[in-house]
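Asks: Give the three-dimensional model of this entry:
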Amino acid sequence: MAKVGFIGLGNMGGGMARNILKAGHKLTVFDLNEQVVADICAVGATAASCAVDAATNVDAVITMLPAGKHVKSVYLGAEGLIAAAAPGTIMMDCSTIDVDSAREVVSAATSAGLKMVDAPVSGGVAAAAAGSLTFMVGGTEGDFDSAEKYLNSMGANIIHAGKAGSGQAAKICNNMMLGIQMISVAEAFILAEKLGLEAEKLFAISSKASGQCWSLTSYCPVPGPVPTSPANNEYKAGFAAAMMLKDLRLSQEAAASAGAVTPLGACSRDLYEKFTEMSADDMDFSGIINMLRDDSSV
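Replies: Predicted coordinates:
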């Protein structure tokens, strides 16, 4: 049994932290939302008074935070996690942030005698709860080895992507593909409707043909073909449209920095910007089909 500090108990972090408990580790948690802290403490965790408290006298620290600025604020500086942690502590940032911020924080941790990886996730809220996430991990081989046993408690696929920041690079590229693919699948079903082709028939064909992709076979944006998709639950978020927009913005910032040409990524970002402006905060990203169906100005 190891001592683990977990900071950030939102939609994803809450499920992940519970799986650390299920694996038998002693868990100390912190979040600004007192209710989510109380909820997980009711099943065995201990509440920390602050983020630094959660990172003190532990073997491992896991963070799941909204953006790069939050990660830097929590980890860096005289009152940050890096300054508070004991030498040899393994730190895993599972947030989805920009590559440069990830590398800056990992470099600071390494310089302080700590182990650290960037380890963003894929799979959504359901996978976080089920412990079936995919982790894309950036860092040295040694740090990856130290982190792997903890990540295995929360995920089904733990993949070493390369040096520090490579986990974030993989996540950004993956979710750019996902955003583009969801729009393409939505457009295909809208066209099928106009042409008089039933959604179930298109799904039966395309899921076995060259159009198959995760957005179709696991997360179909029309009700019916995939009973577990948000389309069958009024598009309540499994992966919120606002989070997809965040990732698409990161992809385009990275593309500009790297000199990569990603026109479909840019178009997808623009469409999700419009969609998030007109949709509820808890709308799933697959709900963009409704905007594309109804908005002739797209």
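Asks: which residues does Ala60 contact?
Replies: Ala2, Lys3, Val4, Gly5, Thr89, Ile90, Met91, Met92, Ala147, Tyr150 (CB atoms under 8 Å, 6 or more residues apart in numbering). Using the backbone N, CA and C atoms, a C-beta is placed for each residue, glycine as well.
Asks: Inside helices: which ones of these?
Replies: In this view, the contacts of Ala60 that belong to helices under DSSP state H are Ala147, Tyr150.
Asks: Sort out which one of the contacts of Ala60 lies nearest Leu202 for me.
Replies: Lowest distance from Leu202 to the contacts of Ala60 (CB to CB) belongs to Met92, with 41.0 Å.
Asks: Show the model's pLDDT score for that closest one.
Replies: Here the pLDDT value assigned to Met92 is 98.
Asks: what do you get for Ala126?
Replies: For Ala126, the pLDDT comes out at 86.
Asks: So it sits against Ala237, correct?
Replies: No - Ala126 is beyond contact range of Ala237, at 11.0 Å (criterion: CB atoms under 8 Å).
Asks: So between the two, which is more surrounded?
Replies: Neighbours were counted for Ala126 and for Ala237 using other CB atoms under 10 Å; Ala237 has more, 22 against 13.
Asks: show me what contacts that one?
Replies: Residues near Ala237 by CB under 8 Å, 6+ apart: Asn11, Val125, Pro230, Asp282, Met283, Asp284, Phe285.
Asks: Just the buried ones out of those, please.
Replies: Among these, the ones that count as buried by 16 or more other CB atoms under 10 Å are Asn11, Val125, Pro230, Met283, Asp284, Phe285.
Asks: which one is the fourth one nearest to, not counting chain neighbours?
Replies: For Met283, ignoring the flanking residues on the chain, the nearest one in space by CB to CB, 6 or more residues apart in numbering is Ala241 at 5.1 Å.
Asks: give me phi/psi at the one you found?
Replies: Main-chain dihedrals, Ala241, degrees, to the nearest 10: phi -60, psi -40.
Asks: which residues are contacting stretch 272-285?
Replies: Residues contacting stretch 272-285 (CB under 8 Å, 6+ apart): 179, 182, 230, 235-245, 248, 287-288, 291, 295, 298.
Asks: residues of it that come out buried?
Replies: For stretch 272-285, the neighbour count (16+ other CB under 10 Å) marks Tyr272, Lys274, Phe275, Thr276, Ser279, Met283, Asp284, Phe285 as buried.
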